[in-house]
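Chemist: generate coordinates for the sequence data below:
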Amino acid sequence: MDLDQFRSSAASIAAPVARPLFRLTTDLDLPPLPGHAAASSRHSMANLLEELIDAAGCNEIPAPARAPDQPSIVDLFGALKTAAAGFEVAPGVGLAEHFWTHPVALHNGEAAASLLRTARNGHSIHGFAVLYATDVRPPLLYGPNMSPLRVTGTIGTESDIEGPYLALVAFEGEPDGRAAAIEAYAAPIFHARRFILVRSELDRDVLRALEHLQAALDAHGVECAIHRVRPGADDERTLIELVISNAVGGRRMRLAIDATREATRCQAERTSPGFVVTHRNWRDGSFIAWLAQTVIADGRTIPAIA
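Modeler: Got it, this is the predicted structure:
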């Protein structure tokens, strides 16, 4: 090995692994009206929360045979803390050093001290908290066992859906040594023990039905895992992937949840992916009938949806 090759090899070994940056980006959306939440599906904080939840594996509901007990809310926050270690808030500064899951650290000075300790050129680096919230009334976030949290900037959220929420809050250090909440995004979730992001009450209805499907299949020795697929930039539908397997083999299939239109059953069935759930085919039972016919019927092939 010549000297240049040695230097190149040594540099590759010594170089630290770069971690993705977890930071706010400029949001060009117009500010919301006074007293209203900012409803923007492309809110920069929403994208950050999606990244963190994906990294923590919170968008999964494993088959009951593999995870018979639902995780506690403590387990879920622990998974988010572990995932935070994979990001940086600035080059060389890990998100885990600037990450909290309970508002106590924001009030007792712990968060402010951490922001002050890593300040650069007199400017503090942003810190982040993920909090369980039950109500959003800008400029306040409400949650159990916490005082209302005031946010000086916008609180983004999905419109027309109530909590519970998982709220990502950005903080910065103030000259007086406090940590101030400057921006937040409150994402509706399935429920307190499943941090799966939802966009409508129809999403929650479908997820409950799929959990019942899991239990029914488990009783027959068939595993069914549920995964919410991260949506694309312009996709307003919620995408769900099911992985159904037994000792012989398995299949993958996808369905979409579209709470914004009233498609007929035949229109929905012709639309990719395999089935699009709407309010109409949820109310008339068409979705449940399709699910039973496609997944449960003996001897019927489960279509693999690309």
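Chemist: longest helix in the protein, please.
Modeler: For the chain, the helix with the greatest residue count under DSSP state H is helix 201-218.
Chemist: and the next helix or strand past that helix?
Modeler: With elements assigned by DSSP states H and E, the helix or strand that comes after helix 201-218 is strand 223-229.
Chemist: residue contacts, the nearest residue to residue 200 once chain neighbours are set aside?
Modeler: Distances taken as C-beta to C-beta, 6 or more residues apart in numbering place residue 259 nearest to residue 200, at 3.6 Å, with adjacent residues excluded. From N, CA and C alone the C-beta is placed, and that goes for glycine too. Contacts of residue 259 were listed using C-beta atoms under 8 Å, 6 or more residues apart in numbering, and they are 199, 200, 201, 202, 203, 278, 279.
Chemist: I'd say residue 43 and residue 158 touch.
Modeler: No: between residue 43 and residue 158 there is no contact under C-beta atoms under 8 Å: 9.7 Å.
Chemist: number of residues surrounding the residue lying closest to residue 43 once chain neighbours are set aside?
Modeler: Take residue 43 and drop its neighbours on the chain: the residue closest to it by C-beta to C-beta, 6+ apart is residue 156, 3.8 Å away. By the criterion of other C-beta atoms under 10 Å, residue 156 has 28 neighbours.
Chemist: give me the secondary structure label for residue 52.
Modeler: The three-state assignment at residue 52 reads helix, by DSSP: H, G, I helix; E, B strand; the rest coil.
Chemist: so where is the stretch 101-250 of the chain shaky, pLDDT-wise?
Modeler: 121-122, 233-234, 247 (pLDDT under 70).
Chemist: ranges for the strands of it?
Modeler: Using DSSP state E, counting those that start in this stretch, the strands found in the stretch 101-250 of the chain span residues 127-133, 135-137, 140-142, 149-150, 155-157, 165-173, 179-191, 194-197, 223-229, 238-245, 250-257.
Chemist: residue 90: which of the ones you listed is closest?
Modeler: Closest to residue 90 of the strands of the stretch 101-250 of the chain, according to C-beta to C-beta: strand 127-133, at 11.0 Å.
Chemist: quick check: bridge partners of the residue nearest to residue 43?
Modeler: Legend: beta-bridge partners of residue 156 under DSSP bridges are residue 38, residue 185.
Chemist: quick check: it touching residue 188?
Modeler: No: in this structure residue 156 lies outside contact range of residue 188 using C-beta under 8 Å: 11.8 Å.
Chemist: report pLDDT for residue 15.
Modeler: Looking at residue 15, its pLDDT is 43.
Chemist: ok so, going back, just the buried ones from the contacts of residue 259, in ChimeraX syntax?
Modeler: Buried members of the contacts of residue 259, defined by 16 or more other C-beta atoms under 10 Å, are picked up in ChimeraX with:
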select :199,200,202,203,278,279
